[in-house]
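K.L.:
show me the folded form of this:
(one chain, ligands or ions: 1)
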Amino acid sequence: MKARGFGMPRFKNKYRMRSFVFPQLNKNPITEEAIKLPGLKEVKWRMSRPIPDGFVPKQARIVRKASGYFVMLSLQLDGLAPNPLPHGHPRGLDLGYDFFVATSDGEEIKRPRFLKTLQRKLKLLQRRLRNKQKSSHNRRKLNQKIARFHQRISDTRKDWHFKLAHHLCDDAGMIFVEDINFVSWARGILSKHSADAGFGQFVNILEWVCWKTDTYFAKVDKNGTCQTCPNCGVHTGKKELEIRIHNCPECGYTTTRDVAAAQEIRNRGIYALLA
Ligand SMILES: [Zn+2]
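P.N.:
Here you go, the predicted model:
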């Protein structure tokens, strides 16, 4: 589709991916051949996937990628979608920088090396941009290359998030995560790292995969999860970030800081269910 004219979303940087949301849609906004967006004429499109039975489009996000314009529809089940009930093995997750995720079962998962490698390559390309003359042909080519690279990184990351979410749901009946506002968190201390780590996207994907795999999903209060011993419940006081080991002065329980936090998150999730 072509985004031109009055009232159309504007995209700041013509090379980077930009998106724009239509939070509400008209009644029956789509057909096989075209989509009708509020305030706009019908736009021809190619539907890449059919809409599953029983779902209705609720929102449309127009995304410009390096390879063209895309419409991403948020679908909602017409009627109530049953949420999985708590059952089976409970698993708490702690998201962090050292390890992308630590589980209450003692697993610690780093973000994959291939993502780091891609990110390093991107940095190099961006540095090369500085030596290119403004509005030169070479600069434009390099910009397109960078845009495609951004796209590749985000696709790769998303793919990994899906695989990880499935892995974490495997043999668990309940998943508990911290209730973190990732936007403000990303602006805070961990800004440089968590911004590219995409925790917010991961939690959204995880919630969806839980729903798909009949795994109960809940968020718990994050306050002081690393100040409580998951084994005996004693308050162990504030730990500096450098301290990576949990060693309880009361009961002697020892594990890594992240696993202890994940276990405390699991405990809180279970308590919330019993309350
Ligand atoms: Zn203890």
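
K.L.:
next, count neighbours for the closest residue to residue 87 other than its chain neighbours.
P.N.:
Spatial nearest neighbour of residue 87, chain neighbours left out: residue 173 (4.3 Å); criterion: C-beta to C-beta, 6 or more residues apart in numbering. (C-beta placed from N, C-alpha, C; glycine too.) Other residues near residue 173 come to 17 when the count uses other C-beta atoms under 10 Å.

K.L.:
what's the answer for residue 126, then?
P.N.:
14.

K.L.:
confirm it sits in a helix?
P.N.:
Yes. Checked against DSSP: H, G, I helix; E, B strand; the rest coil, residue 126 lies within a helix.

K.L.:
go ahead and confirm it touches residue 147.
P.N.:
No. Here residue 126 lies out of contact with residue 147, judged by C-beta atoms under 8 Å, at a distance of 11.3 Å.

K.L.:
returning to that earlier point: I figured the residue nearest to residue 87 was touching residue 213, is that so?
P.N.:
No. Shown here, residue 173 and residue 213 do not form a contact pair, counting by C-beta under 8 Å, at 9.8 Å.

K.L.:
contacting residues for the residue nearest to residue 87?
P.N.:
86, 87, 88, 89, 90, 215, 216 (C-beta atoms under 8 Å, 6 or more residues apart in numbering).

K.L.:
change it to 6 Å
P.N.:
87, 88, 89 (C-beta atoms under 6 Å, 6 or more residues apart in numbering).

K.L.:
from the ion, how far off is it?
P.N.:
Per C-beta to the ion, to the nearest Å, residue 173 is found 26 Å from the ion.

K.L.:
which pLDDT value goes with that residue?
P.N.:
With respect to pLDDT, residue 173 scores 95.

K.L.:
who in this structure is up against the ion?
P.N.:
Within reach of the ion by C-beta under 5 Å from the ion, the chain has these residues: 229, 231, 232, 248, 250, 251, 253.

K.L.:
wait, residue 84 sits on residue 217?
P.N.:
No. If you go by C-beta atoms under 6 Å, residue 84 and residue 217 don't touch, sitting 7.4 Å apart.
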